[in-house]
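K.L.:
Coordinates only, no sequence provided:
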């Protein structure tokens, strides 16, 4: 991107460069929204696959909320490590860290329908996998020749194809709606289609700031359309929720911490 309103190519390659405030704020909001969705979604998908956490009356609902809270908490810690750097750890670049979709296709069949009881074994495996990744990172540069773009591209493509089903389910109304009359309704497909079409049109038929902000604009338009169709409710939003902060240190080192530490590693 070389739009002069955002910065020259040389400026955009400088990690210390900040675009004009009128451009930087919307782009920052888009980045936060994209990060938030991708950060909490793996926890929601795993809970949904295990069959718990949906509905505020569910006895296991607090477990899913706690997992989401820990996802955000440790994403912040990992991002600080990445941006500030501690010794050899961290790229010292403005890179947001968080949970990963890469292992979701493996996690789903492992926990499918088994409830909370299936999670400790899964999270133990995630910790081991995270430590293994940490070990590989010490010499990944020496074996990068064996990972050309064709190989890495195919891996990313396979991950995306494995998650297509999840995307379709959420476009149809989400996992909690499966089996209910509203699942796959025309309203759900319409809102999902609006977001996709608006995002793609702006991305490919505009330039500069508008093209970069395509995701943010698509989300806003989709939210407005859903609100106009009566699909958005603020009834469950309580004023106290805006000021309530999770206490990540209660209950000691629980299994909820395990998945987040492993994913962030």
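P.N.:
Ah, there it is. Computed from a predicted model, the values in this text were never measured in an experiment. Numbering: from 1, shown residues only.
K.L.:
can you pull out the helices in this structure?
P.N.:
Remark: helices assigned in the chain by DSSP state H are 9-12, 21-50, 61-84, 104-111, 119-137, 149-162, 164-171, 186-205, 209-212, 214-228, 255-264.
K.L.:
now those as CSV including mean pLDDT?
P.N.:
Converted to CSV, the helices of the chain look like this (pLDDT from 0 to 100):
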stretch, mean pLDDT
helix 9-12, 76
helix 21-50, 79
helix 61-84, 84
helix 104-111, 81
helix 119-137, 85
helix 149-162, 84
helix 164-171, 81
helix 186-205, 91
helix 209-212, 74
helix 214-228, 87
helix 255-264, 44
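K.L.:
which of these sits most buried?
P.N.:
helix 255-264 (a mean of 22; mean count of other Cβ atoms under 10 Å). Where C-beta positions appear, they are placed from N, C-alpha and C, glycine not excepted.
K.L.:
okay, which residue is most central for this structure?
P.N.:
residue 38 (0.9 Å; Cα atoms, centre = their mean).
K.L.:
give the contact list for that residue.
P.N.:
98, 99, 101 (Cβ atoms under 8 Å, 6 or more residues apart in numbering).
K.L.:
run the last query once more with 10 Å
P.N.:
By Cβ atoms under 10 Å, 6 or more residues apart in numbering, the contact set of residue 38 is 75, 96, 98, 99, 100, 101.
K.L.:
Ok, residue 160 next?
P.N.:
Taking Cβ under 10 Å, 6+ apart as the test, what residue 160 contacts is 101, 167.
K.L.:
still on that earlier bit, wait, which of the helices of the chain is closest to residue 180?
P.N.:
helix 186-205 (11.1 Å; Cβ to Cβ).
K.L.:
relative to helix 164-171, how tilted is that closest one?
P.N.:
Put simply, helix 186-205 runs at 120 degrees to helix 164-171, going by axes from the mean of the first three to the mean of the last three Cα atoms, to 10 degrees.
K.L.:
gap between residue 112 and residue 179?
P.N.:
Noted for residue 112: a distance of 16 Å to residue 179, by Cβ to Cβ, to the nearest Å.
K.L.:
Tell me which of those two has more neighbours.
P.N.:
Legend: neighbour count by other Cβ atoms under 10 Å for residue 112 and residue 179, higher for residue 112 (12 against 7).
K.L.:
How about that one, nearest residue that isn't a chain neighbour?
P.N.:
With Cβ to Cβ, 6 or more residues apart in numbering as the measure, residue 49 is the residue that lies nearest to residue 112, at 5.3 Å, once sequence neighbours are left out.
K.L.:
coming back round to it: quick one: the residue nearest to the centre of the chain and residue 96, what's the gap?
P.N.:
Separation of residue 38 from residue 96 (Cβ to Cβ): 9 Å.
K.L.:
For these two, list the residues in contact with both.
P.N.:
Joint contacts of residue 38 and residue 96 (Cβ under 10 Å, 6+ apart) are residue 75.
K.L.:
thinking again about what came up before, top of the contacts of residue 38 by number of neighbours, please.
P.N.:
residue 99 (28 neighbours).
K.L.:
Verify the contact between it and residue 73 for me.
P.N.:
No: using Cβ atoms under 10 Å, residue 99 makes no contact with residue 73, being 11.5 Å away.
K.L.:
Let me know the average pLDDT across stretch 92-100.
P.N.:
For stretch 92-100, mean pLDDT is 78.
K.L.:
so how far is residue 20 from residue 152?
P.N.:
35 Å.
K.L.:
again with residue 94
P.N.:
17 Å.
K.L.:
same check, this time on residue 10
P.N.:
16 Å.
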